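Participant: Next input, structure requested:
(one chain, ligands or ions: 2)
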Amino acid sequence: MGDNNTLVRARDLTKVYRTGDVEVHALRGVTLDVHAGEFLAIVGPSGSGKTTLLNLAGALDSVTGGGLTVLGRDLTELGRRARAELRLRSLGFVFQAYNLVPVLTARENVEFVLELQGVGRDRRARSTDVLEELGLDELADRRPLEMSGGQQQRVAVARAVASRPKLVLADEPTANLDGENAEILMTMMRRLRDEQGMTFIFSTHDPRVVAYASRVVTLTDGRVSADKRRNADEKRNPKNPDTQGAS
Ligand code: ADP
Ligand code: MG
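Facilitator: Ligands and ions are numbered 1, 2, ... in the order given. Here you go, the predicted structure:
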């Protein structure tokens with residue numbers, strides 16, 4: 001399986017969507033390695049393939065061509081059931097819309113995922129831990145409709161990381177948030193990476209959100225058109241978008 005430090009290894013990865021007679025080449029040969037501990041932003045215009053790439057890396061959709069290995073598993077060879085297992089055991093997801101279960105409280109939303117993962121008696125302790133750790137304990141008993149969008153998205157992050165996944169995939173996680181809530185969310189995710197070494201791949205349009213990244217991969221028309229690493233100084237000073245990404 002190669003090197004344990006490479007969480008995602010894409011080689012000339014392609015994805016073609018077919019609807020009737022129409023073919024859309026969403027990814028046209030993406031080669032990319034994502035290493036443990038990266039805080040990677042995927043940027044690019046609408047339709048450039050960001051969601052497609054995240055969906056493939058998240059084992060949510062099937063590869064058309066090329067190679068894709070995620071956490072040592074060859075996704076081109078993995079069946080539906082094995083993909084579901086990989087998602088459940090090892091990956092965390094945060095989507096653009098908050099996707100919490102409306103009838104469940106914040107705590108129950110977190111525990112629901114743990115339950116699917118077969119966590120038994122520890123569930124309550126684990127949900128309490130993660131909500132506390134992320135400063136969300138006062139939201140524990142609220143349902144989604146009793147929370148702001150920003151609060152719901154923070155709970156969605158808590159739910160995504162409750163099982164300590166190695167890799168968290170977030171598709172435009174701040175798209176529905178105002179600037180202040182976007183910053184709170186990014187700071188929270190960044191802390192999980194800095195303090196726990198959790199690896200994040202997130203897509204975004206927002207330069208203020210890109211500023212938090214340790215690395216920025218730009219997709220253009222289904223291809224990687226730029227791949228830039230940030231230096232340590234920039235990482236420590238994410239609030240200055242004007243100086244970011246130009247290196
Ligand atoms: P982005 O997230 O960067 O906006 P997407 O990955 O959603 O880009 O889309 C890439 C291309 O693939 C676009 O042309 C889009 O219309 C097309 N596409 C995405 N999903 C589907 C689908 N399920 N069926 C057909 N075409 C799709
Ligand atoms: Mg998208």
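Participant: right, and Thr69 touches Leu13 too?
Facilitator: No - judged on C-beta atoms under 8 Å, Thr69 makes no contact with Leu13 at a distance of 10.4 Å. Quick note: C-beta positions are derived from backbone N, CA and C, even for glycine.
Participant: between these two, which one's more packed in?
Facilitator: Neighbour totals were compared for Thr69 and Leu13, and Leu13 leads with 28 against 19 (other C-beta atoms under 10 Å).
Participant: roughly how far apart are the more buried one and Gly20?
Facilitator: Distance, Leu13 to Gly20, by C-beta to C-beta, to the nearest Å: 24 Å.
Participant: just Thr51 next, same as before
Facilitator: Distance, Thr51 to Gly20, using C-beta to C-beta: 21 Å.
Participant: neighbour-wise, which of those two wins?
Facilitator: Thr51 (19 against 5).
Participant: Report the separation between Arg190 and Val113.
Facilitator: In terms of C-beta to C-beta, Arg190 sits 22 Å off from Val113.
Participant: Settle it for me: which of these two has more neighbours?
Facilitator: Using other C-beta under 10 Å as the criterion, Arg190 and Val113 rank with Val113 on top: 20 against 17.
Participant: Who does the residue nearest in space to the middle of the chain form a beta bridge with?
Facilitator: By C-alpha atoms, centre = their mean, the chain has its centre lying nearest to Leu169, at 1.6 Å. Leu169 has these beta-bridge partners by DSSP bridges: Phe93, Ile201.
Participant: State the distance from it to ligand 2.
Facilitator: Between Leu169 and ligand 2 the computed distance is 12 Å (C-beta to the ion, to the nearest Å).
Participant: Could you tell me which residues of the chain lie near ligand 1?
Facilitator: With C-beta under 6 Å from any ligand atom as the criterion, the chain comes near ligand 1 at residues 17, 19, 24, 26, 44, 46-52.
Participant: So what does Pro45 look like in phi/psi?
Facilitator: Backbone torsions for Pro45, taken as degrees, to the nearest 10, come to phi -60, psi 160.
Participant: show me what contacts the residue nearest to the centre of the chain?
Facilitator: Residues in contact with Leu169 (C-beta atoms under 8 Å, 6 or more residues apart in numbering) are 54, 57-58, 91-94, 200-202.
Participant: Return the distance of stretch 202-213 from the chain's centre.
Facilitator: Chain-centre distance of stretch 202-213: 12 Å, with C-alpha atoms, centre = their mean, to the nearest Å.
Participant: any bit of it sitting next to ligand 2?
Facilitator: No - judged by C-beta under 5 Å from the ion, stretch 202-213 makes no contact with ligand 2; its nearest approach is 6.1 Å.
Participant: Helix or strand: which one has whatever residue of the chain ends up closest to ligand 2?
Facilitator: In the chain, the residue that lies nearest ligand 2 is Thr51 (3.2 Å; C-beta to the ion). Following DSSP states H and E, one finds Thr51 within helix 50-57.
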